[in-house]
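*Asks:* Everything below, folded, please.
(2 chains)
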Amino acid sequence: MDEIRVRYAPSPTGYVHIGNLRTALYNYLFAKSKGGKFILRIEDTDQTRKVEGAVENIISILKWAGLDYDEGPMKGGSDGPYYQSERLAIYSEHCGYLLEKKKAYYCFCTAERLTALREEQQKQKLPQTKYDKHCLHLSEDEVKKNLDAGMPHVIRLNVEPGQIIKFRDYVREDVEFHSDMVDDQILMKSDGFPTYHLANVIDDHLMKVSHVIRGEEWLPSTPKHVLLYDAFGWEKPVFAHLPLLLNPDRSKLSKRQGDVAVEDYRKKGYLKEALINFIALLGWTAGDDKEIYNLDELIKSFSLDRVNKSGAVFDIEKLNWLNAEHLRAKPDEEILGMLKEELTETKYAGFSDDYLLNIIAAMRPRVSFIKEFITNCLYFYEDPETYEEASVKKGWKPQSKDILMKFAEKISLFDTPAKEEYEKALKETAAEFSVGNGAVIHPLRLATSGVSGGPGIFDICFILGKEKTVERIKRAVEVLK
RNA sequence: GCUCCCAUCGACUAGGGGUUAGGUCGUCACUCUUUCACAGUGAAAACACGAGUUCGAAUCUCGUUGGGAGCGCCA
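*Replies:* Sure, this is the predicted structure:
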């Protein structure tokens, strides 16, 4: 196998789990860093779990994240189709081969018998519940008779006991299982669809997949896949089982303990750059101190050799930090576009680009999310209704009223005052009252913004403009007395 | 229960026989800014435990403990 070919093979059962996005990312990074191909294959062999629109959702999320695939649905490729539901003939043909070779066998057991068997084995406290190979011992005649009678059936893998199944995992190195522990896995379901195990092995081989990079939850079923490759006489791909993404309590990342759908993060305003950067670092490191990466940089630095073995907790705090880093690094124009988009969701519309650009400049170091260009400084969009109580208590003195009126009077003299002129007016006012600048600054901040924190006071005044500034001073003076 | 996997600060991790065990997030303090942030500086904070190998173990081996995943006609 010379060409590097990897695949992301989700099942279209709904939203895209953040852990799956990471699996897709690692596959993508590995392929791109090696000049290989990244394939998207839809594993839709479970008719009962199909969800309308799920495939479109998967594709749109990959697109959003910037993980463009080389072969797959909508795009095609040399080894399609890329929907397993369209490859049924291929599976049944290959399964026929297995049957012929006695590597697989028909099973006519009912679901009831299997359930009873399982319960019985549990009651007997057997180490493991397994199929008892009952149908393996059916004679050829019996099988034929059942088949002719149209009896529902499945096809099972015939696992020979007493052997050691070894394989090498890129991340975990040598792993071995005893075949006594592996069940006679159903390969073909009674509805004629293959199970994951069969379809996955056949497709990976036919699609010339060189590396199977997937989550660690697949490690326990890998011996089944190894057995299948051997039964077919095929060369095995390189397996690489990625460490799991974990909840804060170290269990597998799941709903109920936070958001797991990529869509949720997108809706909450997380940047794709931040999310990609973050999940790339969950289980992989370049080994240096670099923390901020874009996709191209990840491709350049990525290596499967440096993937970790142990699970990684999804720490939202670090994601938030990365979001802020990526957001603040964006050019004004891009932020402007996102801000305007965000504003359409609010009652604040109609502000000019120049006005918004001023807000962006003032707020940039103070935000982690786009929406905070609004929520962290509402006073740029509407007049303050109330005044932060604690700061009123602390900063509003009996004299404040006169001081602010004086300041208002001074800036009224200007047509459109520049920042420096606000500053000059403020200093003069302070001097005339023989007080420190703070005695003007704090009440002024309160009057114009209603709160105690934010951009520099001259920036606020300048952005608001003379009219608004004076207007707000007058109102504050009236309300606060 | 059984099988397999894993184990460095609270989190992500570097280091893989001799290091003051390094970085990042978070936390705290200080500096800057008469605000809040940003930035900068600094601090607290880790090799799960026990044996063995070795002159020397976080690092290698074994065991223990702990955690996780998997045991479907789901993927």
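*Asks:* Give me the nearest residue to A:E388, chain neighbours excluded.
*Replies:* Nearest residue to A:E388, sequence neighbours excluded (Cβ to Cβ, 6 or more residues apart in numbering): A:V451, at 4.9 Å. Quick note: C-beta positions are derived from backbone N, CA and C, even for glycine.
*Asks:* immediately after the helix or strand containing A:H197, which helix or strand?
*Replies:* Following DSSP states H and E, one finds A:H197 within helix A:196-206. Next along the chain after helix A:196-206, taking DSSP H and E as the criterion, comes strand A:211-215.
*Asks:* report the angle between the axes of that following strand and helix A:196-206?
*Replies:* Following axes from the mean of the first three to the mean of the last three Cα atoms, to 10 degrees, one obtains 150 degrees for the angle between strand A:211-215 and helix A:196-206.
*Asks:* now what about strand A:211-215, what contacts it?
*Replies:* By Cβ atoms under 8 Å, 6 or more residues apart in numbering, the residues outside strand A:211-215 that reach it are A:4-7, A:9, A:19-20, A:23, A:26-27, A:30, A:170, A:204, A:237-242, A:244, A:304.
*Asks:* got a pLDDT number for A:T375?
*Replies:* Reading off the confidence values, A:T375 has pLDDT 96.
*Asks:* ugh, wrong one, I meant A:K236
*Replies:* 97.
*Asks:* Equivalent analysis for A:H17, please.
*Replies:* With respect to pLDDT, A:H17 scores 97.
*Asks:* what's the burial count for the residue nearest to A:E388?
*Replies:* Residues lying near A:V451 (other Cβ atoms under 10 Å) number 17.
*Asks:* other SSEs contacting the helix holding A:H197?
*Replies:* Counting contacts by 3 or more Cβ pairs under 8 Å, 6 or more residues apart in numbering; DSSP states H and E, helix A:196-206 is packed against helix A:88-100, strand A:186-188, helix A:222-232.
*Asks:* repeat that with 6 Å
*Replies:* Helices and strands touching helix A:196-206, as assessed by 3 or more Cβ pairs under 6 Å, 6 or more residues apart in numbering; DSSP states H and E, comprise helix A:222-232.
*Asks:* Check which residues of the helix it packs on are buried.
*Replies:* Using 16 or more other Cβ atoms under 10 Å as the test for burial, helix A:222-232 gives A:T222, A:P223, A:K224, A:H225, A:V226, A:L227, A:L228, A:Y229, A:A231, A:F232.
*Asks:* And these, which is closest to A:F38?
*Replies:* Lowest distance from A:F38 to the buried residues of helix A:222-232 (Cβ to Cβ) belongs to A:H225, with 20.7 Å.
*Asks:* residue contacts, that closest one?
*Replies:* A:H225 is in contact with A:V201, counting by Cβ atoms under 6 Å, 6 or more residues apart in numbering.
*Asks:* Could I get the full set of helices for the stretch 101-250 of chain A?
*Replies:* Under the criterion DSSP state H, counting those that start in this stretch, the stretch 101-250 of chain A contains helices at A:111-123, A:140-148, A:196-206, A:222-232.
*Asks:* Mind listing what's buried along the first one?
*Replies:* Neighbour counts using 16+ other Cβ under 10 Å place A:L114, A:L117, A:Q121 of helix A:111-123 among the buried residues.
*Asks:* Make sure the last one is actually in contact with A:T129.
*Replies:* Think A:Q121. Yes - at 4.5 Å, A:Q121 counts as touching A:T129 under the criterion of Cβ atoms under 6 Å.
*Asks:* Contacts only, for the residue of chain A most remote from its centre.
*Replies:* Distance from the centre of chain A peaks at A:E432, with 58.4 Å (Cα atoms, centre = their mean). By Cβ under 6 Å, 6+ apart, A:E432 lies in contact with nothing.
*Asks:* correct me, but A:K224 touches A:Q185?
*Replies:* Yes - using Cβ under 6 Å, A:K224 is in contact with A:Q185, at 5.0 Å.
*Asks:* just to revisit the earlier point, quick one: which of the buried residues of helix A:222-232 is nearest to A:Y105?
*Replies:* Of all the buried residues of helix A:222-232, A:Y105 sits closest to A:A231, with 12.1 Å by Cβ to Cβ.
*Asks:* Burial check on the residue nearest to the closest one when sequence neighbours are not counted, number of neighbours?
*Replies:* In this structure, A:A231 finds its nearest non-sequential neighbour in A:K103, 3.9 Å apart by Cβ to Cβ, 6+ apart. A:K103: 19 surrounding residues under other Cβ under 10 Å.
*Asks:* So A:K103 versus A:M151, what's the distance?
*Replies:* Look at A:K103 and A:M151: by Cβ to Cβ, to the nearest Å, they are 22 Å apart.
*Asks:* same deal with A:V470?
*Replies:* Look at A:V470 and A:M151: by Cβ to Cβ, they are 90 Å apart.
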